[in-house]
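Asker: sequence and predicted structure below; questions after.
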Amino acid sequence: MTDDSPAIPTDPRELRKALGCFLTGVTVVTSFDRAGSPRGFTANSFTSVSLDPPLVLVCIAYTAGSYDVFEKATHYAVNILSESQRVVSGVFAARADDKFAGLAWRRGPAGSPILPDTVAWLDCVVHERVPAGDHLILLGRVVGFEHTPHTPLGYCRGNYLSFGLEQTALSAAHEARIRVGAILERDGGILFLEDPASGRLSLPAAASLGRDKAEKGSLKERMTSLGITAEIEFLYAVFEGPEHGTHSVFYRGDATAIQPAPGVTMKLIPLAEIPWERLSDDAVRGMLRRYVDERLEDTFGIYVGTIDTGTVKVIDR
């Protein structure tokens with residue numbers, strides 16, 4: 001008898017990367033320990049289960065520092081974080097004795113700690129506990145909730161995402177000329193397009209990002225026509241050009257395959273060897289200089305402003 005069952009993944013790191021491709025929100029799950037002290041942890045393993053009865057679930061690892069608290073808890077709250085609460089996410093993701101130090105909170109209908117300034121919160125009584133692999137699933141029955149118009153904090157591939165910033169940037173397409181481009185890395189280098197006649201270098205760009213490679217005039221269609229297969233990871237820079245009514249939006253991503261189309265010249269140039277004088281666009285040159293510095297330190301930020309002035313919002317890794 002042959003075993004036709006599928007192979008079990010053997011590399012947890014690669015499996016984690018695959019699971020990390022699923023775009024989620026970020027929550028802080030809260031309750032109390034036996035001494036009556038508030039406890040909590042950051043989780044993106046949260047989902048709705050049922051509307052009737054109103055059920056949600058969260059997962060907590062057996063190795064989590066607060067596992068013993070939540071394994072015995074009779075109630076818990078799910079605080080869905082807003083994009084202004086990255087610091088809160090980091091605090092509750094760390095192992096600290098008092099994660100609530102200096103943080104305002106109140107009790108919800110079930111008695112769980114409710115955090116301020118969230119997108120939404122749901123206070124739950126524990127409905128069922130289900131052991132599952134290396135995690136415990138906590139099914140909760142919602143007994144109280146509230147939601148706000150705040151913009152949610154997103155998370156994908158190990159990076160926080162700012163939906164509000166991206167939506168603001170892309171909405172400019174309705175009122176202004178827009179350029180959407182990509183900084184694509186592969187094997188320690190950045191992918192450039194080269195003009196064979198002048199030797200000038202540029203980044204792939206188009207008039208919109210596009211939902212898929214078939215959308216005319218989009219960056220995704222442009223990359224396909226050039227022979228580039230890429231994964232766009234996160235928004236990197238948004239800036240206004242020297243001419244009124246022009247905006248540039250650049251994403252960061254990885255070039256997973258490069259097969260230049262006929263007549264297309266591309267170069268992968270190591271970060272430390274970029275010939276800056278061959279970039280004709282001053283704005284792109286300045287953006288890439290910052291990118292190289294951040295890439296070498298592995299600390300990214302989103303630049304928002306004009307070519308001359310602006311601010312950088314750090315993306316936590």
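Answerer: Yep, that arrived. Numbers count the residues shown, from 1 in each chain.
Asker: need the helices for the stretch 51-200 of the chain, in chain order.
Answerer: 67-72, 86-93, 163-171 (DSSP state H, counting those that start in this stretch).
Asker: could you tell me the least trusted of these?
Answerer: Between the helices of the stretch 51-200 of the chain, the lowest average pLDDT goes to helix 163-171, which shows a mean of 54.
Asker: what about the nearest residue to residue 104 once chain neighbours are set aside, neighbour count?
Answerer: With sequence-adjacent residues excluded and distances taken as C-beta to C-beta, 6 or more residues apart in numbering, residue 104 is closest to residue 116, at 5.4 Å. Every C-beta, even on glycine, is put in place using the N, C-alpha and C of the backbone. A count of nearby residues for residue 116, using other C-beta atoms under 10 Å, gives 12.
Asker: how far away is residue 116 from residue 32?
Answerer: Here residue 116 is placed at a distance of 18 Å from residue 32 (C-beta to C-beta, to the nearest Å).
Asker: also residue 293?
Answerer: For residue 293, the distance to residue 32 (C-beta to C-beta) stands at 45 Å.
Asker: kindly report the same for residue 74.
Answerer: 9 Å.
Asker: so these two - more neighbours on which side?
Answerer: Remark: of residue 74 and residue 32, residue 32 carries more neighbours, 19 against 11, as counted by other C-beta under 10 Å.
Asker: tell me, what's the model's pLDDT at the residue nearest to that one when sequence neighbours are not counted?
Answerer: Excluding its sequence neighbours, the residue lying closest to residue 32 (C-beta to C-beta, 6+ apart) is residue 38, at 5.8 Å. As predicted, residue 38 sits at a pLDDT of 96.
Asker: list the contacts for residue 38?
Answerer: Contact analysis of residue 38 by C-beta atoms under 8 Å, 6 or more residues apart in numbering lists 30, 31, 32, 100, 105, 113.
Asker: the third one is in contact with residue 107, isn't it?
Answerer: No. Applying C-beta atoms under 8 Å as the test, residue 32 and residue 107 come out as separate, 9.5 Å apart.
Asker: intersection of neighbour lists for those two?
Answerer: By the contact definition C-beta under 8 Å, 6+ apart, residue 32 and residue 107 are jointly contacted by residue 113.
Asker: just give me the neighbour total for residue 200.
Answerer: Neighbours of residue 200 (other C-beta under 10 Å): 15.
Asker: my bad, residue 100
Answerer: A count of nearby residues for residue 100, using other C-beta under 10 Å, gives 17.
Asker: look up the closest residue to it, ignoring the ones flanking it.
Answerer: residue 38 (4.8 Å).
Asker: residue 210 contacts residue 218, correct?
Answerer: Yes. With contacts counted by C-beta under 8 Å, residue 210 reaches residue 218, the gap being 2.4 Å.
Asker: okay, and the common contacts of those two?
Answerer: The overlap between the contact sets of residue 210 and residue 218 (C-beta under 8 Å, 6+ apart) is empty.
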